[in-house]
Each structure stands twice: as C-alpha cells, then as structure tokens.
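Engineer: starting from these lines, generate the structure:
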Amino acid sequence: MYEPITDSGLDRNAAERAMIFNIGWSFDPPIFGDYPQEMREYHGNELPRFTQEEKDMMKNSIDFIGINHYSAIYAKDCTNSSCSESANRVIKGFVEITGERDGVLIGDPTSMPRFFVVPRGMEEIVNYVKTRYNNTPMFVTENGYSSPNVQDVQVEEILNDVKRIEFHQAYLASLASAITNGADVRGYFVWSLMDNYEWAQGYNVRFGLHYVDRQTFDRIPKLSARWYQDFFKNNSLIDLPKSVHRQAGIYNL
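Structural biologist: Numbers count the residues shown, from 1 in each chain. Model (predicted):
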C-alpha cells in the first residue's frame, strides 16, 4: 500500500500513481478491457493497443482479485522532484519509495528491507481495490511476517514467535474492519504454512507458522501455529486485546 510521504499534491499524486502502476496495470485490462488511462498519459504508444474485440473479450473476464499484502510504504514524487536514479523507474510510476519519514519508520521493521508492520495498510488496500474495481470478490492470497535472520537467533526464540501472532492479530482486525464496511473478501491465506525458500533471501528469512529444521526436515509448530488453530476454532476477532485494535487503527469491533 502506497501512502504519500507529504501532504503535497505532488506526493499524493505519486502515491496514487504508484497504486495504478502496480495494481491497475494488472487488473484494469481484465476488468475494464484496457490499461489505465493514467499509464497511457505517461507511456503513450509504448503500451500495446487493443482492438475493440480484444477489449470486449477481456472485460470482466476474471472471477476474483488476489491480493498479496505485507506492508505499507511512503511514496515520493519523481516527476517534479529530485530522486535517486535507481528510484525513478518508468515501470513503477516515477516514484521513490521509503519506509522512513522525518526520521520515523512507517512501522516496526521485519527481516525484509521494504516490509514494515503497518496493519492499517490491509484495510486501505482492500478498500482501494473495492472502490476501483466495483467490489469484485477478493481473496487475500498472501499475508505474513518475516522473523529475523535465523543466523542471529536461537531455535527456541524462533518457535516462540509472539511478534508473528501480534502481526496477524492486527492485520486480521484491519481486514475485518474492511469487511464490516462492505468489502467482498472471500478468503485469507497466511504466508506461509512452513518456512520455505524465499527467492533471493534463500533460507534465512522465515515466514512460516511451522519451523523447518534444515538438517532433518522436521516440521515443528511455532506458537503462531497453535494460535492460528485456536483462532479458527473460536472464529472470532472480538476477544483480541484492545491494544491490537489500536495498533490496527480499529475502534469499532
């Protein structure tokens, strides 16, 4: 979820542009039949053109939208402001992103450099998709917390993953608020069931509800796995601590 780093019009537009370049690029064609107009304003003929037949074929051609969400981050305008060369990427909407504003992080850091704990972002991004795409059914297909590098902590600490539980409590509360306000969310998937191979980060970043011993391949439930099982059995967010609701920016559950 992109949020403007300042209240200036340029940065507000930058945050909206980042959403369009990252979400609209994928979902506008199969729902509206064409790329976002905002993208064409910046890329013109660089974007493919569709025939009317192709537009008609694509329009409303998907059954649901999948949302992989982990964090919110600040967006800074690069069209009329100075940015680093690596930031001003034409495929990202001409914005620079950062997790810090005035020396304060947007949320608690995780082991992933651009993933911060910002529960309000869940409700914000679901509401954005709800509004832009006429409340097409949604599934949260990924949402999870990456614990610190395994080389820096003991196994016992990995298994006692209270931070992961707090993360999912707060994000689920934020998601519940969006659903209460009418978002058509049909499902939610934790990333991930067990510690896995995380692309360029390899085996050092752990998202799983189950610890995987790399030597024996044993799968050991973490505290979060037992919490999640209990969450399903109780089927309620009402009993979450008020502190979690405050962290998620939710006061009306």
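Engineer: in the chain, which spans are helices?
Structural biologist: Assigned by DSSP state H, the helices in the chain fall at 9-19, 25-32, 37-43, 52-58, 120-132, 155-159, 162-180, 223-234, 242-248.
Engineer: which one of the ones you listed lies nearest to Asn88?
Structural biologist: Smallest distance to Asn88 across the helices of the chain (C-beta to C-beta): 11.0 Å, for helix 9-19. (Each C-beta comes from the backbone N, C-alpha and C, glycine too.)
Engineer: just the angle between that closest one and helix 120-132, please?
Structural biologist: On the basis of axes from the mean of the first three to the mean of the last three C-alpha atoms, to 10 degrees, helix 9-19 is oriented at 80 degrees to helix 120-132.
Engineer: any idea of the mean pLDDT for helix 9-19?
Structural biologist: Confidence for helix 9-19, expressed as mean pLDDT, is 97.
Engineer: list the buried residues of that helix.
Structural biologist: 11-19 (16 or more other C-beta atoms under 10 Å).
Engineer: make a markdown table from the helices of the chain and add distance to Tyr211 to it.
Structural biologist: Below are those laid out as a markdown table (distance: least, C-beta to C-beta, whole Å):
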| stretch | distance to Tyr211 |
| --- | --- |
| helix 9-19 | 35 |
| helix 25-32 | 34 |
| helix 37-43 | 43 |
| helix 52-58 | 43 |
| helix 120-132 | 25 |
| helix 155-159 | 6 |
| helix 162-180 | 11 |
| helix 223-234 | 9 |
| helix 242-248 | 24 |
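Engineer: nearest the middle, which residue of this structure would you pick?
Structural biologist: His69 (1.9 Å; C-alpha atoms, centre = their mean).
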